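Chemist: this one's structure only:
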């Protein structure tokens, strides 16, 4: 746990040094602290993930899990959680996908009409000027 806290402190120091860091989210930090305390329980992980989904913090939570992949005690669960985050992000992306068109584009209609008019003109020319 000390390694995770040290990595988190290092990341915060890097973010502070960059000058463009977002202000920390106290609720998310509290949820993440609970995740680290009760690593083997599912409810803290679910609560943190739900909060991250609701507030657009999927990159943040994925980064925190990624930092824990090197920890031998936490690597398996961290990898499973990263996989779950990827699936959640994919579902969000598919949910916001543009719906398929229900109407034919006007360019297709204009092209079909032009082709029809050309064929009709050609037929009338052949019929009337024999």
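Modeler: Cool, got the structure. None of the values given here were measured: they were computed from a predicted structure. Numbers count the residues shown, from 1 in each chain.
Chemist: and the longest helix anywhere in the chain, average pLDDT?
Modeler: The helix that spans the most residues within the chain, counting by DSSP state H, is helix 106-128. Mean per-residue pLDDT for helix 106-128: 95.
Chemist: I'd like to know how far the closest residue in space to residue 64 that isn't next to it in sequence sits from residue 106.
Modeler: Distances taken as Cβ to Cβ, 6 or more residues apart in numbering put residue 32 closest to residue 64, at 6.1 Å, once the chain neighbours are dropped. For glycine as for every other residue, the C-beta is placed from the backbone atoms N, C-alpha and C. Per Cβ to Cβ, to the nearest Å, residue 32 is found 52 Å from residue 106.
Chemist: Also residue 66?
Modeler: From residue 66 across to residue 106, the span is 48 Å (Cβ to Cβ).
Chemist: Looking at those two, which is more packed in?
Modeler: residue 66 (14 against 8; other Cβ atoms under 10 Å).
Chemist: element containing that one, please.
Modeler: Assigned by DSSP states H and E, residue 66 falls within helix 58-67.
Chemist: May I have the secondary structure class of the most centrally placed residue in the chain?
Modeler: The residue lying closest to the centre of the chain (Cα atoms, centre = their mean) is residue 89, at 3.5 Å. What DSSP: H, G, I helix; E, B strand; the rest coil gives for residue 89 is helix.
Chemist: ok, it touching residue 57?
Modeler: No. Residue 89 lies out of contact with residue 57 (Cβ atoms under 8 Å); the separation is 11.4 Å.
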